[in-house]
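Chemist: just coords:
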């Protein structure tokens, strides 16, 4: 115990004396938490649309003004030549082309049916997809509008329609920051844990001080605990600042679930991630190597965690990767507890899985950490 | 005959096909200053790392301070001090913090640490800089501090790997004063060096060439044996046959 006391004292002194690392640990996560959720928004706005109007009728005008008035679209070009509109797509000024055929209004009235043509620039997949969907919806709306206009009020609509009324649970206003902040926070804690911890140990290797430690009778587990505990404490601290400071004060997110289970999960999760950091450090001799390996894992962790894309819509093989990713579980737990109000019984499997990760990473790292080469 | 504190018998370390240390055999007696000489790449550091328990030998036997080099490395570590070629105190800790830290992990009590660090600081004349970061000290001071920290827990043996590399002659002299002082307290000194004047200060020296101990005797006997006036000539005579290129 006494050895551990000396190790911890040394570690904390070094961390707080490191003028370049300290801001990375404490300031960067907060800045990222302030910036990233604002930009990481699934809602697509400012879709540039080119409209080719061969009709120039009151009906086509009405459709166009309806589209622009929706707020999602920006008219980038209005012409009567499809080639000109396509040129706009080629120049990347437009995401969508809507072509209104000649005699749109006449055929609509006379034949009761008309076709519109939508061309989508699919380079930006999300924007194209959602833009196309929005536009479809608007045209349907428009369709409904003209139907009611035509059908006499006293007569009932002959074709039955189903109206859908939906309400959004757990995040009533579909506020994306509610969805993103807990996830991003989970990822930032991961970064601080695994990254900083592995760099710290490898630095000792690089400078050569680990040799001096290895010739002392210091116990392996003391040394490891001396490295893990400081970053565990820092991880807890960064998380709390992120959740209560930034999350609550800036985004107004009040966690509604059990804080006890959230923190219990976090402490276990940090042990698992620090184990990974430790493992990385046992396989690298320089900080550069450690950084590259850690970066590789972080990228996969970030992209395969369900932070940005839903895991449920991934292909089967990708789901397997996501399930092997500890960050996935933490982000899930965060969203469940913070937004949905889940308690311990809802996340008990997550606990078990993270426990497994912790044992796996730490066990491997301890086996691989050798005082004697 | 004095007690044997280091007994190496056919100690060998292989890295793949390369034999860094080939069946080295020697004894070191308690309280002696044992010089471990050899050209760059001769295998000195490898041998020393094995003796300190930092590296497991490929074959051979060794007993350090009464403990087996394979099974009792942790007991060995309690009884030795080590100062590596690379400066290895914490540069981002102050002088006093380094002393306290290493004292602490060797299991000294707070009282012992306090007493010993006071003596040590006095002895090295570091009174004015105890609260300065070690990284800001000149190399000579760092090396002296490093040595003093290595013997803080009064080990039986202290291993010094080129402790005076890059240090000015005056500081080197002071450094050797520290070594003698430690030796007077009964600490056995095992030292590698490239300075032949330092070799003269040793009680006995061994010469390693291409991973093998080529000669082992007192400096005066060696000079006689090779009919040389200085240790420099002895070194040249022995190292001339080396096949390995220095690093």
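Modeler: Arrived safely, thanks for sending. Please read these numbers as outputs of a predicted model, since none were measured by experiment.
Chemist: for the rest of this, base every contact and every neighbour count on C-alpha atoms.
Modeler: Fine.
Chemist: name whatever forms a beta bridge with the residue nearest the centre of chain B.
Modeler: Taking C-alpha atoms, centre = their mean, the centroid of chain B lies closest to residue B:160, which sits 1.8 Å from it. Assessed by DSSP bridges, residue B:160 has beta-bridge partners residue B:83, residue B:191.
Chemist: residue B:110 - how many residues pack around it?
Modeler: For residue B:110, the neighbour count with other C-alpha atoms under 10 Å in any protein chain shown is 12.
Chemist: chain neighbours aside, what residue packs nearest to it?
Modeler: residue B:104 (7.7 Å; C-alpha to C-alpha, 6 or more residues apart in numbering or on different chains).
Chemist: wait, isn't that neighbour in contact with residue B:112?
Modeler: No: look at residue B:104 against residue B:112 with C-alpha atoms under 8 Å: they stay out of range, at 9.6 Å.
Chemist: ok, and what's touching the strand or helix carrying the residue nearest to residue B:110?
Modeler: Assessed by DSSP states H and E, residue B:104 sits inside helix B:95-105. Helix B:95-105 has contacts (C-alpha atoms under 8 Å, 6 or more residues apart in numbering or on different chains) with A:2-3, A:6-7, A:10, A:216-218, B:89-90, B:110, B:113-114, B:117, B:129-134, B:149, B:152-153.
Chemist: could you redo the last one with a cut-off of 7 Å?
Modeler: Helix B:95-105 is contacted from outside by A:3, A:6, A:218, B:89-90, B:113, B:117, B:130-134, B:149, B:152-153, using C-alpha atoms under 7 Å, 6 or more residues apart in numbering or on different chains.
Chemist: can you give me the buried ones in the helix or strand following that helix?
Modeler: Counting by DSSP H and E, the element after helix B:95-105 in chain order, helix or strand, is helix B:110-124. For helix B:110-124, a neighbour-count test (16 or more other C-alpha atoms under 10 Å in any protein chain shown) marks B:112, B:113, B:114, B:116, B:117, B:120, B:121 as buried.
Chemist: averaged pLDDT, helix B:110-124. What do you get?
Modeler: The average pLDDT within helix B:110-124 is 92.
Chemist: again, but for stretch A:336-348
Modeler: 86.
Chemist: buried sites along that stretch?
Modeler: Buried, per 16+ other C-alpha under 10 Å, within stretch A:336-348: A:336, A:337, A:338, A:339, A:340, A:341, A:342, A:343, A:344, A:347.
Chemist: wait, what's in contact with the first one?
Modeler: Neighbouring residues of residue A:336 by C-alpha under 7 Å, 6+ apart: residue A:342.
Chemist: in a helix, that's where it is, yeah?
Modeler: Yes: counting by DSSP: H, G, I helix; E, B strand; the rest coil, residue A:336 falls inside a helix.
Chemist: what segments of chain B are strands?
Modeler: Using DSSP state E, the strands of chain B run over residues B:4-15, B:18-29, B:33-38, B:59-64, B:67-68, B:80-83, B:157-161, B:188-192, B:204-209, B:212-217.
Chemist: let me have those in a markdown table, adding mean pLDDT and distance to residue A:258 as columns.
Modeler: Output for the strands of chain B, formatted as a markdown table (pLDDT from 0 to 100; distance: least, C-alpha to C-alpha, whole Å):
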| stretch | mean pLDDT | distance to residue A:258 |
| --- | --- | --- |
| strand B:4-15 | 91 | 56 |
| strand B:18-29 | 90 | 60 |
| strand B:33-38 | 91 | 65 |
| strand B:59-64 | 92 | 57 |
| strand B:67-68 | 92 | 55 |
| strand B:80-83 | 93 | 52 |
| strand B:157-161 | 93 | 56 |
| strand B:188-192 | 93 | 61 |
| strand B:204-209 | 90 | 68 |
| strand B:212-217 | 88 | 68 |
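Chemist: residues from chain B in reach of chain A?
Modeler: Contacts of chain B with chain A, taken as C-alpha under 7 Å from any C-alpha of the partner chain, map to B:52-56, B:74, B:77-78, B:82, B:86, B:88-90, B:92-93, B:101, B:104-106.
Chemist: re earlier: the residue nearest to the centre of chain B is in contact with residue B:192, isn't it?
Modeler: Yes: if you go by C-alpha atoms under 7 Å, residue B:160 and residue B:192 touch, sitting 6.3 Å apart.
Chemist: which residue is the nearest non-sequential neighbour of residue A:100?
Modeler: Once its chain neighbours are removed from consideration, residue A:100 has its nearest residue in residue A:53; the separation is 4.9 Å (C-alpha to C-alpha, 6+ apart).
Chemist: ok, the one you found - contacts?
Modeler: A:79, A:80, A:99, A:100, A:101.
Chemist: helix, strand, or coil at the residue lying closest to the first one once chain neighbours are set aside?
Modeler: Put plainly, it is residue A:79. The shortest distance from residue A:79 to any non-neighbouring residue, by C-alpha to C-alpha, 6+ apart, is to residue A:52 (5.1 Å). On the three-state scheme (three-state DSSP), residue A:52 is labelled strand.
Chemist: now do residue A:52: how many residues are near it, please.
Modeler: Neighbour number of residue A:52 under other C-alpha under 10 Å is 23.
Chemist: that one pairs with what?
Modeler: residue A:79, residue A:99.
Chemist: and residue B:68, by the same measure?
Modeler: Beta-bridge partners for residue B:68, by DSSP bridges, are residue B:63.
Chemist: and it, how many residues sit next to it?
Modeler: Using other C-alpha under 10 Å, residue B:68 is surrounded by 17 other residues.
Chemist: on that earlier part again, quick one: the residue nearest to residue A:100 from residue B:120, how far?
Modeler: Distance of residue A:53 to residue B:120, given as C-alpha to C-alpha, to the nearest Å: 92 Å.
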